[in-house]
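1. Compute the structure for the input listed below.
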Amino acid sequence: MSTQTSGIKSYKLTPSEKPEHKLLQIKNLQTHLQAGKRVVKAVDDVSFSINKGETFCLVGESGSGKSILALSVIQLLPARISSHPSGVVLFDWRKQENVGQVSIPTYKQVDMLTLEEDDLCDIRGSRIAMIFQEPMTSLNPVYSVGEQIMEALLLHNNGMSEEIAKQRALKAMQEVQIKDAETRFNNYPHEMSGGQRQRIMIAMALACEPDLLIADEPTTALDVTVQAEVLKLIRALQQRKGMSVLFITHDFGVVAQIADKVGVMKQGKLVEVGDAKNVLRNPQHEYSQKLLAAVPENLPRRKKEEQKSPNEALVKVKNLDVFFPIRKGVLQRVVDHVRAVDDVTIDINKGKIVALVGESGSGKTTLGRAILQLQKPTAGSVSIHGHELVGLSTKQLKPWRQKMQIAFQDPQSSLNPRLLVAKTLTEPMKIHGIGSNDDERIELAGEVLEAVQLQRDFMWRYPHEFSGGQRQRIGLARALALNPEFIVCDEITSALDVSVQAEVLQLLLEIRDQRDLTLLFITHNISVVEYLCDETIVMKSGKVVEQGLTEDVCGNPQNPYTQKLIEAVPRLNL
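-> All right, here's what the predicted structure looks like:
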């Protein structure tokens with residue numbers, strides 16, 4: 001039975017009836033953003049639908065409007081700078097009504113663009129949940145991660161006790177493979193790695209078992225094994241609850257694995273949409289063809305050239321330890337240590353690109369930071385050009401800072417929001433005496449921006465004015481600005497779409513060849529490792545379990561842990 005009032009369709013279902021097939025219908029949606037006096041058509045006349053229990057994957061380059069479309073659906077864009085000149089976003093809103101002792105679902109087909117704020121608050125988090133792209137800026141830094149998951153449960157489940165909410169939160173953490181969930185429950189976001197924070201965001205979104213899950217690049221910060229587990233978890237919830245998924249990603253391996261339908265966006269427009277197999281196997285639009293050609297598996301294999309200094313170790317790490325104390329009790333006595341890096345010995349040869357892979361929390365980033373002396377080692381030795389770095393004072397390290405740089409994993413938190421990009425790039429130059437005046441440094445900054453495929457006039461913007469992929473390229477530009485010899489690249493391609501990723505990989509190869517640059521490339525993307533890296537190091541629980549030439553480690557892994565990593569890689573097998 002159904003009724004029609006005020007443009008909102010309402011209907012009740014008996015247990016034998018099923019809801020309408022289409023859970024979400026987007027028709028002729030336009031989203032305009034006000035940028036000063038300029039209007040940006042971020043979403044331009046987009047139409048598609050998502051059926052109940054279906055996974056719709058949205059792909060496209062950074063800045064194409066994917067995230068703005070998702071935020072338009074859930075109505076999280078700031079009202080003062082956004083508008084919807086046309087279009088509707090129809091959603092089947094499920095509520096539970098008690099008829100006698102029987103709970104019967106009631107469905108309302110509502111337009112999310114015109115819904116009252118109170119109703120939107122009821123829908124967000126319970127019926128529609130969203131996993132955001134950058135967990136560090138989405139999680140509240142003053143509350144523990146467990147409290148934040150509990151908050152979502154208590155807010156949308158009237159009468160639920162805190163004890164039951166805590167048990168549900170712990171279960172959600174365990175389902176996304178958070179080890180020692182009871183201890184981690186009380187951790188704050190800054191105490192967890194990037195991949196662990198992303199898993200907390202996923203746990204928070206899935207805890208209320210929504211009808212529609214909007215996932216904005218949810219697996220970019222995850223290693224392949226956890227990614228496989230998360231995708232398996234989402235599929236299981238789909239089968240159990242009939243959940244639908246709007247999945248925004250640039251990983252075509254994931255698309256091939258989970259998508260029922262695929263939509264390709266370019267400059268705010270949906271240029272191609274269709275069945276996943278058809279789009280991936282036989283893309284019709286030239287832009288779709290370009291994206292698929294840029295997937296690492298499809299890139300032309302580069303020839304392994306002889307390096308200029310094949311046997312000269314630029315960086316030597318010997319018996320390196322980084323331990324963090326575990327304190328308990330009223331007096332906060334040290335009862336144990338977290339062995340983040342445990343007796344690691346490696347050589348990084350000059351001119352090589354060395355991959356560092358392993359699961360989230362295995363110590364990859366800590367090792368990279370310890371090599372750069374951004375994290376003080378507990379014991380061991382780190383030398384560059386034969387000069388020992390461990391034990392040097394801040395003043396003594398300064399000359400080496402120019403030679404060793406890092407591109408961070410999360411550009412949103414590593415770029416100063418108060419500084420223009422020009423200041424971000426020129427300030428390190430000024431400190432290290434590069435350029436004789438400000439005009440010369442601005443010219444150098446413009447050149448380095450162009451080197452990472454960004455426009456010169458981007459210098460006069462702030463970090464929040466860029467997409468996630470653009471911010472990642474600005475982080476890379478900052479690392480290159482000092483013309484270093486050695487760069488630690490911490491998941492720098494994780495936030496990039498495939499076409500930009502391909503350009504950055506080519507860029508890194510060109511810079512390596514031009515400058516004889518040496519890279520430690522921390523990543524979980526095995527496809528990128530196979531294409532880019534000369535050597536590969538595999539870490540597990542702070543220890544190096546396997547290392548060697550990339551073709552040997554990835555093609556014929558010897559350690560069971562490495563074999564598990566390689567098997568979990570989502571491939572674009574067409």
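
2. Stretch 54-63: end-to-end distance?
-> End-to-end distance of stretch 54-63 (Cα to Cα, to the nearest Å): 25 Å.

3. Next: stretch 244-261.
-> End-to-end distance of stretch 244-261 (Cα to Cα): 12 Å.

4. same check, this time on stretch 69-80
-> 17 Å.

5. and that stretch, which residues are buried?
-> The neighbour-count check on stretch 69-80 (16 or more other Cβ atoms under 10 Å) flags L69, A70, L71, S72, V73, I74, Q75, L77 as buried. For glycine as for every other residue, the C-beta is placed from the backbone atoms N, C-alpha and C.

6. State the helix or strand in which the first one lies.
-> Using DSSP states H and E, the secondary-structure element containing L69 is helix 66-74.

7. Average pLDDT for that helix, rounded please.
-> Helix 66-74 shows a mean pLDDT of 92.

8. in its sheet, what does the helix or strand that it is followed by sit against?
-> Under the assignment DSSP H and E, the closest C-terminal helix or strand after helix 66-74 is strand 82-83. Using DSSP bridges, strand 82-83 pairs in its sheet with strand 22-35 (antiparallel).

9. what's downstream of the partner strand, the next helix or strand?
-> Criterion used, DSSP H and E; the element after strand 22-35 is strand 38-51.

10. packing partners for that next one?
-> Applying 3 or more Cβ pairs under 8 Å, 6 or more residues apart in numbering; DSSP states H and E, we find strand 38-51 packed against strand 22-35, helix 66-74, strand 244-248, strand 261-266, strand 269-275.

11. If we use 6 Å, what do you get?
-> strand 22-35, helix 66-74, strand 269-275 (3 or more Cβ pairs under 6 Å, 6 or more residues apart in numbering; DSSP states H and E).

12. quick one: it to strand 269-275, angle?
-> In terms of direction (axes from the mean of the first three to the mean of the last three Cα atoms, to 10 degrees), strand 38-51 departs from strand 269-275 by 10 degrees.

13. Low-confidence regions, the stretch 351-500 of the chain specifically.
-> Scanning the stretch 351-500 of the chain for pLDDT under 70 picks out 468, 495.

14. for it, what spans make up the strands?
-> Listed in chain order, the strands found in the stretch 351-500 of the chain under DSSP state E, counting those that start in this stretch are 353-357, 379-384, 387-388, 404-407, 486-490.

15. Adding distance to C533 and mean neighbour count, write the ones you listed out as TSV.
-> Rendered in TSV, the data for these read as follows (distance: least, Cβ to Cβ, whole Å; neighbours: other Cβ atoms under 10 Å):
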stretch	distance to C533	mean neighbour count
strand 353-357	4	26
strand 379-384	20	17
strand 387-388	26	11
strand 404-407	15	24
strand 486-490	11	25
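
16. For K318, find the nearest of the ones you listed.
-> Nearest to K318, of all the strands of the stretch 351-500 of the chain, is strand 379-384, at 4.4 Å by Cβ to Cβ.

17. who's in contact with G65?
-> A42, V43, M265, G268 (Cβ atoms under 6 Å, 6 or more residues apart in numbering).

18. what's the spacing between the last one and I68?
-> Look at G268 and I68: by Cβ to Cβ, to the nearest Å, they are 8 Å apart.

19. returning to that earlier point: please identify which of the contacts of G65 is nearest to L520.
-> M265 (33.9 Å).

20. What sits closest to the closest one if chain neighbours are left out?
-> Distances taken as Cβ to Cβ, 6 or more residues apart in numbering place G60 nearest to M265, at 3.6 Å, with adjacent residues excluded.

21. Looking at the one you found now. What's its pLDDT?
-> pLDDT recorded at G60 is 87.

22. ok, how many other residues are close to it?
-> Neighbourhood size, G60 [other Cβ atoms under 10 Å]: 27.

23. Ok, V330 next?
-> Neighbour count of V330, defined by other Cβ under 10 Å: 5.

24. Could you do H190 as well?
-> For H190, the neighbour count with other Cβ under 10 Å is 10.

25. again, but for the one 3 residues further on
-> S193 has 19 neighbouring residues, counting by other Cβ under 10 Å.

26. shouldn't it be in contact with G358?
-> No. Using Cβ atoms under 6 Å, S193 is not in contact with G358, being 11.0 Å away.

27. hey, C-alpha coordinates of stretch 362-369 in CSV?
-> In CSV, the C-alpha atoms belonging to stretch 362-369 read as follows (Å, rounded to 0.1, in the frame of the first residue of the first chain):
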residue,chain,number,x,y,z
SER,A,362,54.4,-3.5,10.4
GLY,A,363,56.9,-0.6,11.0
LYS,A,364,57.3,0.7,7.4
THR,A,365,56.8,4.4,8.1
THR,A,366,58.6,4.2,11.5
LEU,A,367,61.7,2.7,9.7
GLY,A,368,61.5,5.5,7.0
ARG,A,369,61.3,8.2,9.7
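
28. Give me the residues contacting that stretch.
-> Under the contact criterion Cβ under 6 Å, 6+ apart, stretch 362-369 has outside partners 322, 340-341, 356, 358, 375, 488, 490, 520, 522, 539-540, 542.
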